[in-house]
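Asks: Build me a model:
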Amino acid sequence: MQAIDMNSEEFQEELKKTEKFVNKVYESKGWVPNPNEDVNEGVTMGLARNKLIYGKRFCPCFMVIGETKEEQKEADNRICPCKPAIEKEIPEDGVCHCGIFCTPEFAEAQKKTEVIEEVTDTHSRGLTQDEAEILLMKDQLDGDELESLIEARKLGMVNFTLIDVREKMEYDQAHIVGTDALVPTSNFYGGIEAFNDKQSENIIVYCLSGSRSYQVQQAMGTLGFKKVCNLAHGIGSFRGETQSV
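Replies: Predicted structure coming up:
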C-alpha cells in the first residue's frame, strides 16, 4: 500500500483539486455541504488520498476491493459521487453515506439538531417550542434531552406521556419527577391497553438502563403506537429531578 504524506506538495495539490471537484458536485447536483465541517474536511482528504493511491476518487468510507484496476472495476467500488448516494441515500435520507453531500433541507435540519444538542447538553437556556417538537421526533433520547423536554412540557410547549416500564419496587425506590404512569414489563401487554387512545400521541418510555424500554418501544410499534421515544441509557443517565415513594 502506497504511503501518503499529507504534508507533501503532491498531496496538497491533489487536495486542492479534490476541493474543486467537491464544489462542482454541489453546484451540479443542487446539494450542499454538511453543517459539520469536520465531516467535509475528513471526506475530502480521504478522496484526495484515494485519488493518489488508486487513480480514482473512491469513496473513503468503504474499503477498496481489488489489487489491480481491472479487479477494482469488477468489484464495483464506489466512485464519488457514487450511484447509491445519487439514486437512494440522498433522495431517501437527505445525505450520502459519508455525509459530505446533503440536501438543503437535511442541512438545515442538521443545524437545528446541533443547536438543540448544545442547548440540552449545557442547559444554557430552555428549548423553544420548535426545538422541543423536533426533539420529540427522535427515536432515542439521552438524559439531558429528556430533562429539557420535561421543562418544555411544564411551560406548555409540548405534550407527551412519560412511562416507567420497570417493576413497582424499582419505581418506588426512585423514578423521574414528571412520570405519568408505571407499566411494568412483567405485565406490559395488559398494562399498555390503557393507553390505546394515545397511539397517535407522543410517548416516552424509560427503564434502568434503556434495554427493557427499548424492547417496549419496539413492541408498542407493532401494536400501532406511532410516536414512541426511548430514554436510551435509562434513568441512570438522567441528571434531572427524581423522587422515591
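
Asks: Can you show me the helices along the chain?
Replies: Assigned by DSSP state H, the chain shows helices spanning 9-29, 37-54, 69-74, 83-84, 90-93, 104-122, 129-135, 143-154, 168-173, 188-191, 211-222.

Asks: Check the gap between the nearest residue to Arg212 once chain neighbours are set aside and Met220 for me.
Replies: Take Arg212 and drop its neighbours on the chain: the residue closest to it by C-beta to C-beta, 6 or more residues apart in numbering is Thr185, 5.0 Å away. All C-beta atoms are positioned from the backbone trio N, CA, C, and that covers glycine. Per C-beta to C-beta, to the nearest Å, Thr185 is found 12 Å from Met220.

Asks: Look at those two and report which has more neighbours.
Replies: Neighbours per residue, other C-beta atoms under 10 Å: of Thr185 and Met220, the larger number sits with Met220, 23 against 18.

Asks: which residues touch the closest residue to the more buried one other than its chain neighbours?
Replies: Counting by C-beta to C-beta, 6+ apart, Met220 lies nearest to Val228, which is 4.9 Å off, once chain neighbours are set aside. Taking C-beta atoms under 8 Å, 6 or more residues apart in numbering as the criterion, Val228 is in contact with Ile203, Ile204, Val205, Gln217, Met220, Gly221.

Asks: okay, now the residue nearest to Glu241 when sequence neighbours are not counted: neighbour count?
Replies: Among residues not flanking Glu241 along the chain, Val177 sits closest, at 4.2 Å (C-beta to C-beta, 6+ apart). By other C-beta under 10 Å, the residues close to Val177 number 11.

Asks: in the protein, which ranges drop under the pLDDT threshold?
Replies: Within the chain, the stretches with pLDDT under 70 are 1-2.

Asks: per the record, what domains does it have?
Replies: Domain assignment for the chain by automatic domain parsing gives 9-102, 109-243.

Asks: Now render those as TSV, adding distance to Ala3.
Replies: As requested, the domains of the chain are exported to TSV (distance: least, C-beta to C-beta, whole Å):
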stretch	distance to Ala3
domain 9-102	9
domain 109-243	35
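
Asks: State whether Gly66 and Lys56 are indeed in contact, as I suppose.
Replies: No. Using C-beta atoms under 8 Å, Gly66 and Lys56 do not qualify as a contacting pair, with a distance of 11.3 Å.

Asks: Give me the common contacts of the two.
Replies: Going by C-beta under 8 Å, 6+ apart, residues that sit against Gly66 and also against Lys56 are Gln72.

Asks: hmm, back to that, could you single out the nearest of the contacts of Val228 to Glu92?
Replies: Gly221 (19.8 Å; C-beta to C-beta).

Asks: Report the spatially closest residue to that closest one, excluding sequence-adjacent ones.
Replies: Val228 (6.6 Å).

Asks: hey, what's the one you found bridged with?
Replies: When assigned by DSSP bridges, Val228 has beta-bridge partners Ile203.

Asks: ok, the residue nearest the centre of the chain - contacts?
Replies: Nearest to the geometric centre of the chain sits Lys138, at 8.0 Å (C-alpha atoms, centre = their mean). Contacts for Lys138 (C-beta under 8 Å, 6+ apart) come out as Glu145, Cys229.

Asks: do you know how far it is from Asn230?
Replies: Using C-beta to C-beta, Lys138 is found at 9 Å from Asn230.

Asks: can you check Arg212 too?
Replies: On the measure of C-beta to C-beta, Arg212 and Asn230 end up 10 Å apart.

Asks: Just want to know which of those two has more residues nearby.
Replies: Of the pair Arg212 and Asn230, Asn230 is the one with more neighbours under other C-beta under 10 Å, namely 26 against 20.

Asks: how close does the closest residue to that one other than its chain neighbours sit to His233?
Replies: Of all residues beyond its chain neighbours, the one nearest Asn230 is Gln217 (4.4 Å), with distances taken as C-beta to C-beta, 6+ apart. For Gln217, the distance to His233 (C-beta to C-beta) stands at 14 Å.
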